[in-house]
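Engineer: What would the 3D arrangement of this be:
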Amino acid sequence: MKDIIFSPIGIVHSDYTINLGTPIQPDESVKNTGVIEIFNQFSAGLEDIDGFSHIYVLYHFHKNIDFKLSVKPFMDDNYHGVFATRAPKRPNGIGLSLLKISSVIENRICVFGIDILDKTPVLDIKPYIGEFSKMENISMGWLSDKFHGFSKTKDDGRFNI
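Structural biologist: The predicted structure follows:
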């Protein structure tokens, strides 16, 4: 199979420069603000994005130098396959965050709840459409019993890259 090569369409601007202290999940209730800057040659693709409240941002974990197929997530003391977690050390290093749009100014999307390191390359943006997300009979696997009293915390260093 051929290699797949992506080129960034933009870059993230956030206050987070290292993993330690960076939120581990997007959380719009926490006012972690940031900016998704789309490069000029792609900025026409932002037309009408300001009509949406949230966007999915796909990005590259550019500081990862390796990956692990078995990881111990922050919510558990047991190891799990990386594909059963949201751990950043992944074979293709692709991240996904759901962020609330604050405003759109030219080629910059201002967002709440950012959990992405500064200078992270953006691969794609897609609007969040709640009507498409009304799934039934959801199972969360090993996470099912972990959400009692769960609060979104910052990276404790377990996933250092």
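Engineer: Using the three-state scheme, assign residue 104.
Structural biologist: Following DSSP: H, G, I helix; E, B strand; the rest coil, we place residue 104 in the strand state.
Engineer: cool, residue 6 as well?
Structural biologist: Quick answer, by three-state DSSP: residue 6 is coil.
Engineer: Please report how far it lies from residue 124.
Structural biologist: Distance, residue 6 to residue 124, using Cβ to Cβ, to the nearest Å: 8 Å. For glycine as for every other residue, the C-beta is placed from the backbone atoms N, C-alpha and C.
Engineer: do the same with residue 1
Structural biologist: Taken as Cβ to Cβ, the span from residue 1 to residue 124 is 21 Å.
Engineer: neighbour-wise, which of the two wins?
Structural biologist: Taking other Cβ atoms under 10 Å, residue 1 and residue 124 do not tie; residue 124 has more neighbours (17 against 3).
Engineer: Which residues are in contact with residue 52?
Structural biologist: Applying Cβ atoms under 8 Å, 6 or more residues apart in numbering to residue 52 gives the contacts 101, 127, 128, 129.
Engineer: ditto for residue 103
Structural biologist: Counting by Cβ under 8 Å, 6+ apart, residue 103 has contacts 50, 109, 110.
Engineer: Contacts only, for residue 15.
Structural biologist: 32, 34, 118.
Engineer: Nearest the middle, which residue of this protein would you pick?
Structural biologist: In the chain, the centroid-proximal residue (Cα atoms, centre = their mean) is residue 97; its distance is 2.7 Å.
Engineer: Check the secondary structure at that one for me.
Structural biologist: strand.
Engineer: closest to residue 85 among the contacts of residue 15?
Structural biologist: residue 32 (21.5 Å; Cβ to Cβ).
Engineer: how near is the closest one to residue 54?
Structural biologist: 15 Å.
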